[in-house]
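Engineer: below: sequence and its predicted model.
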Amino acid sequence: MTTHVNLYFASLILFLTLAFKQDVPPRLQLFLLIGQSNMAGRGVPEAEDQTTHPRIWMLAKDQTWVPARDPMHFDKPDVIGVGPGFAFAKRLADAYPDMNIGLIPSAVGGSNIGVWKPGAYYEPTKSYPYDDALRRAKKALENGQLAGFIWHQGESDSNPERAIIYEEKLIELVQRFRNDLNAPNVPFVVGTLGDFVVDRDPEAKIVNEALQQATNHIPNSYCVLSSGLTDKGDSTHFDTGSARILGQRYADIFIQKKLVKSIDPHRRTD
């Protein structure tokens, strides 16, 4: 009798597990989220940031697909929070009701653009920003096609030495990512630094100018302005509401410029 009861409950648990299990869609429109802390997110999560969406997924730290929610990055676990990624995806999902979206969180707080190259080690997070992002992107490609690069970075380059060479390094970075991921025409969208960063570091204005100028020299690249957004009180990081707005501005570029291409179900990803 006990054996039959145990088998019954075991079967019931298995049934419920399968019934409520969310399967990852077979194909996703993939977006690589790269940069430093304002892409990773430092805003305080609220209910809407942690409510999942049926068509938005994220590649977790262990490289498995899970329903997206904030915080989604893992660069600095003690301080991670709301970034632009989830709001970006939700805006796209609203605009394209048949699209399944896969986010690839790969930003690294504090990283300057100089460590976004092959083999470069970043001691504060004990990671290899470029190599790690590339590895994660290649894993994600098993489930879809790359639809866009989302870049927000430059605070750590807002000093006299780094700011003047930022545009050159950004152009190199875009070309490198596109070559290494065989994505020569995939849109690359960058965002300017917050007004509060420029107020704090005058060289941030040079970085913002470089971000905008670089898109004149990089095919299929665009720049989102972060003007008017506010910080969380530290003169460095967007607050929760501003992080969401920034994500929506990124999405609006893809929508207005019609950058999202339909998925070909017969396209190989190897």
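Structural biologist: Here it is on my side, so go on. Numbering: from 1, shown residues only.
Engineer: in stretch 45-60, what's buried?
Structural biologist: Of the residues in stretch 45-60, those scored as buried under the neighbour-count criterion (16 or more other CB atoms under 10 Å) are Pro45, Asp49, Arg55, Ile56, Trp57, Met58, Leu59. No exception for glycine: its C-beta is placed from N, CA and C like everyone else's.
Engineer: roughly how far is that stretch from the heart of the chain?
Structural biologist: When distances are taken as CA atoms, centre = their mean, to the nearest Å, stretch 45-60 is centred 13 Å away from the chain's centroid.
Engineer: and what of stretch 142-154?
Structural biologist: With CA atoms, centre = their mean as the basis, stretch 142-154 stands 7 Å off its chain's centre.
Engineer: dump that stretch to CSV, keeping only the CA atoms.
Structural biologist: Extracted C-alpha coordinates of stretch 142-154, given in CSV (Å, rounded to 0.1, in the frame of the first residue of the first chain):
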residue,chain,number,x,y,z
GLU,A,142,22.4,27.6,-30.6
ASN,A,143,18.9,28.9,-29.9
GLY,A,144,18.5,31.7,-32.3
GLN,A,145,20.1,34.4,-34.4
LEU,A,146,21.9,37.5,-33.4
ALA,A,147,19.7,40.5,-33.8
GLY,A,148,21.7,43.3,-32.1
PHE,A,149,24.5,44.5,-29.9
ILE,A,150,23.6,46.9,-27.1
TRP,A,151,26.5,48.8,-25.7
HIS,A,152,26.6,51.2,-22.8
GLN,A,153,30.1,52.0,-21.5
GLY,A,154,32.5,54.9,-21.1
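Engineer: return the set of buried residues in it.
Structural biologist: Neighbour-count burial for stretch 142-154, counted by 16+ other CB under 10 Å, picks out Asn143, Gly144, Gln145, Leu146, Ala147, Gly148, Phe149, Ile150, Trp151, His152, Gln153, Gly154.
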